[in-house]
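> Pasting a predicted model and its sequence here:
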Amino acid sequence: MSADIPLLSLREAFSRQFRRHFKALMGSPADMANPLLFFFMVVTLFPLGLGPDPERLSAMAPGLLWVVALLSSLMVSSKLFGSDYEDGSLEQLAIAPYPLSILVMGEVAAHWLATGFLLAAVSPLFGIMLGLPAAGLGVLFYSLVLGTICLTLIGAIGSALTVSIRRGGLLMSLLIIPLNVPVLIFGTTAVSEAVIGGNPQTWLTLLGGLAMGSLALVPLAISAALRVSLDN
Amino acid sequence: MWTFIHKMGSPPWFFRFSGVVVQWLLPITIGLLLVGAAWGLLVAPPDFRQGNSYRIIYIHVPAAVVALAGYYVMAFAGAVSLIWRIKMADVTMRAAAPVGAVLTAVALITGAIWGKPTWGTWWVWDARITSMLILLFLYLGVVALFEAYENKTAAARACAVLSLVGTVNIPIIYKSVDWWYSLHQPASIKFTGESAIDSSMLYPLLLMIAAFYCLFALTVLLNMRAELVWNHREANWLQQLVRKV
């Protein structure tokens, strides 16, 4: 029946998915601004809660910034597949003649660019506000670029597993936070090492390895999880 | 061999087979636990620095070891269930998760009780303790995810995906001692080379580890049998079995 419709190449299928999702994200700037605003608000809360002492703040800054980045990434990933699930386009993707893992990766990539990468790009600003020494700012950016790849991918697994469950958000944080622990440890250690003039490369390399490993394996988990959710 | 594996996948056959296994495993487990506990608590010499407080090791270490191994059992069952769609693998995974969670909690709590006299504090954010805490969260996540799904077949597969993803965390747990310097001493039992723990204390410990493995197997089997009875409460083979008894 569909013999006369030529199949797209995998790359084309991926990039169409990417563009579709990216346009949807660009169409709602509020959704993109929300995690940044959340980041900003929480950064404001720390001096209020911990006291304005600059030395103390700057000592804690690497950990604080990374924890907030993790939380805001968690917040946005929980809704990653929600609208696709509700309007039925997920089922269309699942029966499409392309590997589901490739198609959803288009979506995840767009999501990462609009949230994770954006977060990494503005993070040095928040670093300055918390008194993170200049030596740490670059590493904070690099570690968050690599780290948000992992966070977004792992968050996508959580979103795929909980998309068919009502009130899946809380459950998702239980599923996802333990898996994010290594990312957090490598990321904060990289930034702290850079601040004390140590060797952040080791930790950035580990983080990069984790990101590449997740890029290779996580798409399979996401598509398996989505198929399970469609059965529920 | 293959026929045996195929038979394991059949609920009636598994129910009868596990009944026989439980009959033997129950006395073995109780015996090992009694001998190990008596040996460790009464016979083994007190530690020259920690006195008698170290004896909690005979609960703490076996619980921690089996809690870690239990995750592998769960993840392996999950993989089998995902690849071959064997119902019994689902049941195994479902049965192993709460047992593993309880063992992890036991390891954490006994660790805290042991930490108070030894380190002077209940809780330390040390690498190994933290990894055990994360293991507990991983177990709880699997349990909670299973409960949240309405379709239990889908629930089992979702848990299988999650436990396989979580397996990534296990090597980090093992490696964590090397990665971060911490209060916690490095592992004392080494299978290659000499143990840092005297054999008079080691033998009861190994016995207790064996006992906990048996206990784990026993509770998982009993759990599975309970689930089988519930799932097949209307099935002919079960009703016949009940009538016979």
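Yep, that arrived.
> Residue ranges in the chain under the pLDDT threshold?
With no chain named, the answer covers chain A. Scanning chain A for pLDDT under 70 picks out the ranges A:1-4.
> Oops, wrong one, chain B.
Confidence mapping of chain B against pLDDT under 70 gives the ranges B:1, B:169-170, B:172-196, B:245.
> give me the number of residues near the closest residue to residue B:221 other than its chain neighbours?
Leaving aside its chain neighbours, residue B:221 sits nearest to residue B:18 (5.1 Å; criterion: CB to CB, 6 or more residues apart in numbering or on different chains). All C-beta spots, glycine's among them, are computed from the backbone N, C-alpha and C. For residue B:18, the tally of surrounding residues (other CB atoms under 10 Å in any protein chain shown) stands at 19.
> Distance check, residue B:18 against residue A:196.
Residue B:18 sits 57 Å away from residue A:196, going by CB to CB, to the nearest Å.
> ok so, going back, and the residue nearest to residue B:221, how far from chain A?
Taking CB to the nearest CB, to the nearest Å as the measure, residue B:18 falls 27 Å from chain A.
> give me every residue that touches that residue.
Residues touching residue B:18, when contacts are defined by CB atoms under 8 Å, 6 or more residues apart in numbering or on different chains, comprise B:221, B:224-225.
> what do you get for residue A:123?
Counting by CB under 8 Å, 6+ apart, the residues that residue A:123 touches are A:39, A:65, A:69, A:140-141, A:144.
> what's the distance between it and chain B?
Using CB to the nearest CB, one obtains 25 Å as the distance from residue A:123 to chain B.
> just residue A:215 next, same as before
Applying CB to the nearest CB, one obtains 14 Å for the distance of residue A:215 from chain B.
> What residue, apart from its backbone neighbours, is nearest residue B:25 spatially?
residue B:218 (5.0 Å).
> Quick one: neighbours of that neighbour, just the number.
Other residues close to residue B:218 by other CB under 10 Å number 18.
> cool, and residue A:137?
Burial of residue A:137, expressed as a neighbour count using other CB under 10 Å, amounts to 18.
> Please look at it and residue A:124 and confirm they touch.
Yes. Under the contact definition of CB atoms under 8 Å, residue A:137 touches residue A:124, with a separation of 4.3 Å.
> Next up, the contacts around residue 140.
By default, I'm working from chain A. Each residue near residue A:140 by CB under 8 Å, 6+ apart is listed here: A:62, A:65, A:123-124, A:127, A:132, A:191, A:194.
> The intended chain is chain B.
A:174, B:101.
> and stretch B:53-73, is it in reach of chain A?
No. Where contact is defined by CB under 8 Å from any CB of the partner chain, no part of stretch B:53-73 touches chain A; the two come within 11.8 Å at best.
> With only the CA atoms kept, save that stretch in CSV.
Only the C-alpha atoms of stretch B:53-73 are listed here, as CSV (Å, rounded to 0.1, in the frame of the first residue of the first chain):
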residue,chain,number,x,y,z
SER,B,53,31.0,-4.5,69.1
TYR,B,54,32.6,-5.8,65.9
ARG,B,55,30.4,-8.9,66.1
ILE,B,56,27.7,-7.0,64.2
ILE,B,57,29.9,-7.7,61.2
TYR,B,58,28.2,-11.1,61.1
ILE,B,59,24.9,-9.5,60.1
HIS,B,60,26.3,-6.3,58.4
VAL,B,61,28.6,-7.9,55.8
PRO,B,62,26.4,-10.8,54.8
ALA,B,63,23.5,-8.5,54.3
ALA,B,64,25.5,-6.0,52.2
VAL,B,65,27.1,-8.8,50.1
VAL,B,66,23.8,-10.5,49.3
ALA,B,67,22.0,-7.1,48.7
LEU,B,68,24.5,-6.4,46.0
ALA,B,69,24.3,-9.9,44.5
GLY,B,70,20.5,-9.7,44.7
TYR,B,71,20.5,-6.7,42.3
TYR,B,72,22.3,-8.8,39.8
VAL,B,73,19.8,-11.6,40.2
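> just the residues of chain B that are near chain A, which are they?
Counting by CB under 8 Å from any CB, the positions of chain B adjacent to chain A are B:82, B:130, B:134, B:137-138, B:140-141, B:144-145, B:148-151, B:153-155, B:157-158, B:161-162, B:164-166, B:168-169, B:172.
> List the ones among these that fall in helices.
When helices are assigned by DSSP state H, the members of these inside them are B:82, B:130, B:134, B:137-138, B:140-141, B:144-145, B:148, B:153-155, B:157-158, B:161-162, B:164-166, B:169, B:172.
> Next one: residue B:231 from chain A, what distance?
Distance from residue B:231 to chain A, by CB to the nearest CB: 18 Å.
> Pretty sure residue B:68 sits against residue B:136.
No. With contacts counted by CB under 8 Å, residue B:68 stays clear of residue B:136, the gap being 11.5 Å.
> so residue B:58 is in which element?
Here residue B:58 is covered by helix B:57-84, with elements defined by DSSP states H and E.
> What residues does chain A have near chain B?
When proximity is defined as CB under 8 Å from any CB, chain A approaches chain B at A:154, A:157, A:161-162, A:164-165, A:168, A:171, A:174-175, A:177-179, A:181-182, A:218, A:221, A:224-225, A:228-229, A:231-232.
> So for residue A:130, what's the nearest residue that isn't a sequence neighbour?
Leaving aside its chain neighbours, residue A:130 sits nearest to residue A:61 (4.1 Å; criterion: CB to CB, 6+ apart).
> Show me the residue at the heart of chain A, geometrically.
For chain A, the residue lying nearest the average C-alpha position, counting by CA atoms, centre = their mean, turns out to be residue A:152 (2.5 Å).
> tally of neighbours for residue 83?
This is for chain A. Around residue A:83 sit 13 other residues, with neighbours defined as other CB under 10 Å.
> if you could check chain B rather than the one you did, that'd help
Applying other CB under 10 Å, we find 10 other residues in the vicinity of residue B:83.
> Tell me how far it lies from chain A.
From residue B:83 to chain A the distance is 11 Å (CB to the nearest CB).
> Also residue B:163?
Counting by CB to the nearest CB - residue B:163 and chain A are separated by 11 Å.
> what about the longest helix in chain A?
For chain A, assigning by DSSP H, the longest helix comes out as helix A:200-231.
> by contact count, what packs against it?
Identification of packing neighbours for helix A:200-231 by 3 or more CB pairs under 8 Å, 6 or more residues apart in numbering or on different chains; DSSP states H and E yields helix A:89-95, helix A:100-111, helix A:134-162, helix A:168-195, helix B:152-167.
> got a list of contacts for the last one?
What it means is helix B:152-167. For helix B:152-167, the surrounding residues in contact (CB under 8 Å, 6+ apart) are A:154, A:157, A:161, A:164, A:175, A:178-179, A:218, A:221, A:224-225, A:228-229, A:231-232, B:71-72, B:74-75, B:77-79, B:81-82, B:90, B:93-94, B:97, B:138, B:141-142, B:145-149.
> neighbours of the nearest residue to the residue nearest to the centre of chain A once chain neighbours are set aside, just the number please.
If the residues on either side of it in the chain are set aside, residue A:152 comes closest to residue A:112, at 4.3 Å by CB to CB, 6+ apart. Close neighbours of residue A:112, defined as other CB under 10 Å, add up to 24.
> now swap in the one 4 residues further on and tell me
Counted with other CB under 10 Å, residues neighbouring residue A:116 total 28.
> One more: residue B:232?
Residue crowding around residue B:232 was assessed by other CB under 10 Å; the count is 16.
> Residue A:58 belongs to a helix?
Yes. Counting by DSSP: H, G, I helix; E, B strand; the rest coil, one finds residue A:58 located in a helix.
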